[in-house]
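Asks: sequence and predicted model, in that order:
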Amino acid sequence: MTKQKHAKEPLMHLTRRLNFSPKYAWAIRIGAFVLSILVCAIVTTILSPKANVGFFFRYLFTGTFGTTRLIWALFRDLAILLLLALAVTPCFKMRYWNIGGEGQALMGCLGAAVIVSQLYGKMATPLVLIIALVVAIGFGAVWAVIPALFKAKWNTNETLLTLMFNYIAGCLGAFFVKKADPNTTGSLSFLDSIGNAGNIGSNQFILIIIIATVITTLMAVYLKYSKHGYEITVVGESPNTARYVGIHNKKVIIRTLVLCGVLCGIVGFMMVCFKDHSFKAESATDTTVGGLGFTAVLISWLAHFNPLAMVLTSFLVVFITRGAKNVGDYARLGANYPSMMVGIFFFFIIATEFFINFKISFRQKGELPKEPDDLIKSSEETADKTRAQSADAAAATPASATEA
Amino acid sequence: MEKNLAIEMVGITKAFGTKVVANKNVSMDLREGEILSLLGENGSGKTTLMNMIAGIYTPDSGKIYVRGEEVVIKSPIDAYSHHIGMIHQHFKLVDLFTAADNVILGEKFDNVEKNEGRADNGAARFGRRIAFEWLRRNRVRELQKIVDQYGFGIDLKRKIYDMSVSEKQTVEIIKALYRGADILILDEPTAVLTPQEIDKLFAVLRKMRDEGKSIIIITHKLNEVMAISDRVAVLRKGEHIATVDTATTNEKELTDMMVGQKMDLNIEREMPQNPKPRLFINDMTVVNKEGRTMVDGVSFEINGGEILGIAGISGNGQKELLEGIAGLQPMAKGEVIFHNPKENKPVTFFHNDLKQIKAKAEAGMFHYPDGQRVVLKGMRDKDIVELVNKEQILYYEDEIINLKDRTPREIQELGIKLSFVPEDRLNMGLVGNMSIVDNMMLRSYRKGKSIFVNRKRPKQLADEIIQDLEVVTPSDMTPVRRLSGGNVQKVLVGREIASSPKVLMAAYPVRGLDINSSYTIYNLLNAQKKKNVAVLFVGEDLDVLMALCDRILVLCGGKVSGIVDARNITKEEIGLLMTKVPDDVQKYDYDNAKEGESND
Amino acid sequence: MTILVSMIQQAIHFGAVFLYGSTGETIVEKSGHLNLGMPGIMCLGGVGGCLGAYWAFQGGWSTFWVVLLAVIMAMAFGGLGGLLYGLFTITLRCNQNVTGLTLTTFGAGVLGFWGTQMGDKGITFAPASRMFWTPVDSTANWFSQIFLSHGPLVYLAIAIAIVVAVYMNHTRKGLALRAVGENPAAADAAGINVIAHKYVSCVLGAAIAGIGGAFYLLDCTQGSLEYVIDAMGWLAVALVIFSLWRPGIGIFGAFIFGFLYRLPYNITGVALAEKELLKVIPYAVTALVLIIISFFNKRETQPPAALGLPYFREDR
């Protein structure tokens, strides 16, 4: 009788993990990373007759760590991506789904490009660069704040609005490029004018890396120890409690988005003046920023909004992107091969969140799931608490965001 | 002759995790055509047990028989297939849909097919299928029959978001009936209703019973148990204590079964010592976002050193009243005047700067310890500072501050210590995902000019509260959402009291708490009263209100229907006030009480 | 006059791409899932559609079968993308935005990669694409130019949108689907299989959007793989908002979008740069619509209430 009854019950049972050790979480993530690389390798060998697993790994690593210059470039790319991820992180912590980092950075690029193309030669180059930086920051901030104002005022859906703003920014960029040089294919080059800007000695990478290091540290401190950071967490976790203790929610939203826009502006400036020495905006989607703003969203989320963990996640992403590009080049797999690999990598890492946040228990007689923390819970409260967690889930923030 | 059993549960056990057993070996039954009350305290496992019949949880062990047949109910669909319908406390309705759409939502074709049972060739069946799939708006007419049969006065074409709570509940009941449920489970259906609505609901339930339906009503209100049920099943701490016939029992016996031990209802209460008005609420009107007037011209005052209870059916303006005072809801009309107890207290630089002190002295607000008026004109700043620091300048009178249109932050910055324990503590008041320490600094993190937060003091405070109030927690870094309800409440009340408030407002502070935690909270409130704090206590349990408070203000429809002496009032009198604002509203305070005595 | 006729004709022609995308995305969003992977899914659909058309064409099949196989393959590829998205967001309850963005990266990568491979192998789709479009007969009257000069997939797009609109508003299953997107807990309690509904709508929506990708490559660009689909995909996502989550309005919205999208190419006497600026209109209008609906805050025009929230029954 009992047997029959158990056979009827669901085989698997999902429960939300209330506490998990960071060790376990990292073990899962590292496992997923290794697995994703293996899958990438296998896919590559299937796609290309030239490549085998050894080939894949050889060029994956030579493409990233092959020469000193490549290593510098790797860290430079990491720095840019990391900065973008840092820029959007306070927004996400506040449960403000700003997927407009792309557009905000692009506006920064545009601001810098406008100044460089219009003012270069008319005044001293350092002055041009400073003005470019200021304008880039201004453009980025304005672009970030407009949706925030609507969010604060009328609770306009910020995910969709910032998404639209990305493309509006792209169109504005394309407009400017064509306006500045009607004969171009969609890109303005500043190599001749400010090609050396951002070099320290002959090293064109180190400045960006230094800036990223400083900003990462500042952001980590800002989020964890500053009053602003504390307010951001409160507003994100419980807007009502924020109101209750007299935090001005709207002010915090706008202030945080200004910060985000400023950082995006700085990144945009660095992309144009220090990294590419050009500004590209062929169409709304094909620009200098080139999707990094979206990747930054993924990086920030995967790192549970922890700036230091973001260093690692952005490293992995840059590693895969650059490595895969090298593999693709040698195996003649084309320009789009890396995005496929990055996609595979992300899918694996995203899936780990499930195994970190949920526990699957298989029904067996007499074996109850062990949750030491339930010690302090009483039954009826379970409902309350799970409701609170569904609020977590609502913003899809990993439950450990505050602890991490 | 025994009636047939509609439901029989044998040895049901359900645990969450290893230690928390919500239901332990429960065996009980429901007879056909009866109303069974399921009685128990908060947290006694009533809802969990019923959720297992309704298919929301599956039991870890035990058997459920429906009409004599063993069944496994894995989902609400299963439950409906056994003709079991549950009306949850939180309604499961889609706001955007009309009542009719909500009722027919999820209806299965099989039912229709069985009911109609007509010609059975493929084409006809397909045709019926299409006809069924097509949303016929005239389906409303069929539903209308049910509405008329039981006398629910409700327009099925209205959208749910337009409806009142009781109307939503009606829709849920219609839904269950339409689905063919003849076993109905209602989870605390009266909690949100007015007495008139409760009477109406009970009339409907009796009618259903007379038509052969079997009904379980979950409640913790004894008077309702006595009024409506044929039998009562009592749960305590997840265990089934007994099932008794209502006719052969009484409230006292049931209470004993429910709490397991003789309840010491004597909450300590002393006469207020020298009550002086602390907070005046004058003609306060609060209109909510939907434009409904929730608080309507309310006037009263709270004294320091008393506990003023607020009684009323929930949703009659309690929340808005408190939030209005705390500056969380804008007032449409009226004002809140705060009397800062400063009489004969020294002025400090804590809340005033030198300029303000000079201005106040000019206005004649200060005196010296010997009673002489302070004149600062012509004095050197240095000397004034010295006088203030030596506490030689004293206030003549209490400081009077109008709190109207001030935000919580402004109130805080004025140095007014107003503490507020809101009803939904994890939604407002605490941040569930933050640690106890971080929750401690919610009120105080702004202090100081540093751009960084200082976690040292909050950590001390957290540790003090954990120790003094016996908060059960692994550490002070544990996120509060992992604590149980009682411990969460202790953390919140502890923090609010720690700022040594002048006014303490607590909304349903013992809701969902076990008896021990409840008493901890009562004691904390009493201790505040002794410290001459003005305490405002919103409660739902009239027994507690009458035992704890000095005066009770009764709200009805956002209006004050009376302020009564908690020591000389009966439950019935309060109950009457809760349902109807009398023409002549009585307002008791200690002065007119004395007058009243002398008049006698 | 002829310019106007041609512009309207093109508006309908290109509008059909958006219509596929937005109809698909509407179905997905109505189940409470914001699929930002739509551009990627349309790319995948494009790959499937081209493959199907190519095989059928090489096999010497007739026009009908070529089109049919292309549609089926596009739906299969798009549907697979939707299934992947569903697996992550429904079963694994991962963040929808993050999953969607990844899917977009992945899908665009697959299309680009596959396109280059085809190019390297010298495979072109122009001949097969002849089955999908007919040159506009400029001598015909305005009515047949505007309404009758399209390939079969334009009419299919409109038909699908109408069917979906009717399904959504006038059938019980549609009611159930909307309930899932508004309040999954209520739907669950009413006995609706929430998970199944979400899966079906994620896969079906993606399959429909997949046809859009194939249609764009085989009809609008006449078999060229040079153009990027993701821009079209984002506009389709925008169109869902523009149409206030109603496929019926979406038909007209699609044509307006198509008109605006083609405007820079049709308008004369405007400099190249200003033409770029004109491309902003669909996005700007959508942003405006978003702001306006939030301003009026009318319940019926809001996004589905549970949009973006994962559903876990035990969380109740």
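Replies: Yep, it's here. None of the values given here were measured: they were computed from a predicted structure.

Asks: what is the neighbour count of the residue lying closest to C:A284 once chain neighbours are set aside?
Replies: If you skip the residues right next to it in sequence, C:A284 has A:I168 as its closest partner in space, 5.8 Å away by C-beta to C-beta, 6 or more residues apart in numbering or on different chains. C-beta here means a position set from N, CA and C on the backbone, and glycine is covered the same way. Around A:I168 sit 24 other residues, with neighbours defined as other C-beta atoms under 10 Å in any protein chain shown.

Asks: how about the contacts made by A:I168?
Replies: With contact set as C-beta atoms under 8 Å, 6 or more residues apart in numbering or on different chains, A:I168 has these partners: A:G103, C:V280, C:Y283, C:A284, C:A287.

Asks: does whichever strand or helix holds the first one come close to chain C?
Replies: When elements are defined using DSSP states H and E, A:G103 is found to belong to helix A:101-119. No - contact check for helix A:101-119 against chain C, using C-beta under 8 Å from any C-beta of the partner chain: none in range, with a minimum separation of 10.1 Å.

Asks: can I get that helix in PDB, CA atoms only?
Replies: Coordinates of each C-alpha in helix A:101-119 appear next as PDB, following Å, rounded to 0.1, in the frame of the first residue of the first chain:
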ATOM      1  CA  GLY A 101      24.600  50.400 -20.400                       C
ATOM      2  CA  GLU A 102      25.200  49.900 -24.000                       C
ATOM      3  CA  GLY A 103      23.500  53.100 -25.000                       C
ATOM      4  CA  GLN A 104      24.900  55.100 -22.100                       C
ATOM      5  CA  ALA A 105      28.400  54.000 -23.000                       C
ATOM      6  CA  LEU A 106      27.700  54.800 -26.700                       C
ATOM      7  CA  MET A 107      26.600  58.300 -25.700                       C
ATOM      8  CA  GLY A 108      29.900  58.600 -23.900                       C
ATOM      9  CA  CYS A 109      31.700  57.600 -27.000                       C
ATOM     10  CA  LEU A 110      29.600  60.000 -29.100                       C
ATOM     11  CA  GLY A 111      30.300  62.800 -26.700                       C
ATOM     12  CA  ALA A 112      34.100  62.200 -26.900                       C
ATOM     13  CA  ALA A 113      34.000  61.700 -30.600                       C
ATOM     14  CA  VAL A 114      32.100  65.000 -31.200                       C
ATOM     15  CA  ILE A 115      34.600  67.000 -29.200                       C
ATOM     16  CA  VAL A 116      37.700  65.300 -30.700                       C
ATOM     17  CA  SER A 117      36.400  65.600 -34.300                       C
ATOM     18  CA  GLN A 118      35.300  69.200 -33.800                       C
ATOM     19  CA  LEU A 119      37.900  70.700 -31.500                       C
END
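
Asks: tell me which strands and helices it is in contact with?
Replies: The criterion is 3 or more C-beta pairs under 8 Å, 6 or more residues apart in numbering or on different chains; DSSP states H and E, and the helices and strands that helix A:101-119 contacts are helix A:68-93, helix A:125-154, helix A:158-180, helix A:249-270, strand A:278-280, helix A:292-302.

Asks: buried residues, that helix. List them.
Replies: Taking 16 or more other C-beta atoms under 10 Å in any protein chain shown as the neighbour-count basis, helix A:101-119 is seen to contain the buried residues A:101-117, A:119.

Asks: ok, stretch B:500-516 next?
Replies: By neighbour count on 16+ other C-beta under 10 Å, the buried set for stretch B:500-516 is B:501-515.

Asks: which one of the residues you listed is nearest chain C?
Replies: If you rank the buried residues of stretch B:500-516 by distance to chain C using C-beta to the nearest C-beta, B:G512 comes first, at 16.8 Å.

Asks: now the helices for the stretch 101-250 of chain B?
Replies: Applying DSSP state H, counting those that start in this stretch to the stretch 101-250 of chain B gives helices spanning B:109-116, B:122-133, B:139-150, B:165-178, B:195-210, B:222-228.

Asks: tell me the SS of B:G291?
Replies: Judged by DSSP: H, G, I helix; E, B strand; the rest coil, the three-state class of B:G291 is coil.

Asks: how about the one 4 residues further on?
Replies: Reducing the assignment at B:V295 to three states with three-state DSSP gives strand.

Asks: for the residue nearest to it when sequence neighbours are not counted, which residues are in contact?
Replies: Once its chain neighbours are removed from consideration, B:V295 has its nearest residue in B:V286; the separation is 4.0 Å (C-beta to C-beta, 6+ apart). Contact analysis of B:V286 by C-beta under 8 Å, 6+ apart lists B:293-295, B:317, B:320-321, B:323-324, B:329-332, B:558.

Asks: so C:G32 is in contact with C:G205, correct?
Replies: No - C:G32 lies out of contact with C:G205 (C-beta atoms under 8 Å); the separation is 12.0 Å.

Asks: which residue packs closest to whatever residue of the stretch 301-450 of chain B ends up closest to chain C, ignoring adjacent ones?
Replies: Shortest the stretch 301-450 of chain B-to-chain C distance, computed as C-beta to the nearest C-beta: residue-wise this is B:G432, at 13.6 Å. Sequence neighbours aside, B:R481 is the residue nearest to B:G432 in space, at 3.3 Å (criterion: C-beta to C-beta, 6+ apart).

Asks: give the helix, strand or coil label for that neighbour.
Replies: Going by three-state DSSP, the secondary structure assigned to B:R481 is helix.

Asks: burial count for it?
Replies: The local packing of B:R481 (other C-beta under 10 Å) involves 24 other residues.

Asks: need the residues of the stretch 101-250 of chain C near chain B, please.
Replies: C:169-176, C:178-179, C:182-183, C:185-192.

Asks: so where is the stretch 1-150 of chain A shaky, pLDDT-wise?
Replies: The model of the stretch 1-150 of chain A has pLDDT under 70 over residues A:1-13, A:18-20.

Asks: all set, thanks.
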